[in-house]
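Novice: got a sequence here, can you model it:
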Amino acid sequence: MRILLVEDDAEVARFVRKGLQEAGHVVEHASNGRDGLFLAASEQFDVLVLDRMLPGGVDGVRLVETLRGQGNRTPVLFLSALSAVDERVKGLKAGGDDYLVKPFAFAELLARVEALGRRPSVEAPATRLKIADLEMDLLSRTVTRAGRRLEIQPREFRLLEHLMRHAGQVVTRTMLLEKVWDYHFDPQTNVIDVHVSRLRQKVDKGFDRPLIHTVRNAGYMIRAEA
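Specialist: Here you go, the predicted model:
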């Protein structure tokens, strides 16, 4: 299997990676939540092994919530020193499939990872995207925030959909031109800024927490945190 390990403790990461590789698996490693989210969202893995407490502004729970919001159903095993029942329940409710408390025996970790990998994959396409209280129904082509329907034009819908599918990641203007406008060149206009501004007025105006953010000299990002 191809496994993504997101673990900031270098010693634990080496131990787990070595064991999984010796068992015949291919392992990619990220040492913080943001890098882990980027890899998990942009590449194909059979199982994700995530530490609960991660640096980088994205912990394990938020990482999984973001992936599930994008329709990513890759099985997730949480590793954590947080052993309280409430903590385990929190991880599972966020979208985790299994939870292993540190310290652990590698044989048990391997058995749990391989059991997750044997689960039949359900590749039903996602029909809803959700970030915080913002929801998009891809079948009815409707958008709501906090239960209130937003009047979104077709191009704005495509723009918002692309941002939501890449939640927590910087989406560049070039990416938006290609994916939303089908341009493979820069038309040297402010068309993106104008549409993002209009979208902000509809998605964020009147709400305490803005979701659409400008990343200076890079592009745009939709995320739940401030």
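Novice: got any ranges where the protein has weak pLDDT?
Specialist: 120-126, 185, 187, 225-226 (pLDDT under 70).
Novice: which residue ranges make up the domains of it?
Specialist: Domain segmentation of the chain under automatic domain parsing yields 2-117, 128-222.
Novice: could I get these as a markdown table with mean neighbour count?
Specialist: From N, CA and C alone the C-beta is placed, and that goes for glycine too. Converted to a markdown table, these look like this (neighbours: other CB atoms under 10 Å):
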| stretch | mean neighbour count |
| --- | --- |
| domain 2-117 | 18 |
| domain 128-222 | 15 |
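Novice: report the beta-bridge partner residues of residue 144.
Specialist: Here residue 144 sits in beta bridges with residue 135, residue 149, going by DSSP bridges.
Novice: residue 94 versus that one, what's the distance?
Specialist: Separation of residue 144 from residue 94 (CB to CB, to the nearest Å): 22 Å.
Novice: over to residue 53?
Specialist: For residue 53 relative to residue 94 (CB to CB), the value is 14 Å.
Novice: the closest residue to residue 214 other than its chain neighbours sits in which helix or strand?
Specialist: In space, and not counting its chain neighbours, residue 214 is closest to residue 220: 5.9 Å by CB to CB, 6 or more residues apart in numbering. Secondary structure from DSSP states H and E places residue 220 in strand 219-222.
Novice: where along this protein do the helices fall?
Specialist: Per DSSP state H, the chain carries helices over the ranges 10-22, 33-42, 60-69, 85-93, 106-118, 154-165, 173-179, 191-203.
Novice: of the ones you listed, which approaches residue 75 most closely?
Specialist: Nearest of the helices of the chain to residue 75, taken as CB to CB: helix 106-118 at 3.9 Å.
Novice: what's the closest one packed up against?
Specialist: On a contact count with 3 or more CB pairs under 8 Å, 6 or more residues apart in numbering; DSSP states H and E, helix 106-118 meets helix 10-22, strand 47-51, strand 76-80, strand 98-101.
Novice: would you mind writing the CA trace of stretch 103-123 as CSV?
Specialist: Taking Å, rounded to 0.1, in the frame of the first residue of the first chain, the C-alpha atoms of stretch 103-123 are listed here in CSV:
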residue,chain,number,x,y,z
PRO,A,103,3.0,4.2,23.3
PHE,A,104,2.0,1.3,21.0
ALA,A,105,3.4,-1.9,19.8
PHE,A,106,4.4,-1.7,16.1
ALA,A,107,2.8,-5.1,15.4
GLU,A,108,-0.6,-3.6,16.5
LEU,A,109,-0.1,-0.5,14.4
LEU,A,110,0.8,-2.6,11.3
ALA,A,111,-2.3,-4.9,11.9
ARG,A,112,-4.6,-1.9,12.1
VAL,A,113,-3.1,-0.2,9.1
GLU,A,114,-3.4,-3.3,7.0
ALA,A,115,-7.0,-3.9,8.2
LEU,A,116,-7.9,-0.3,7.1
GLY,A,117,-6.3,-1.0,3.7
ARG,A,118,-8.4,-4.1,3.2
ARG,A,119,-11.7,-2.2,3.6
PRO,A,120,-13.6,-2.0,0.3
SER,A,121,-13.2,1.5,-1.1
VAL,A,122,-16.3,3.5,-1.7
GLU,A,123,-15.7,5.8,-4.6
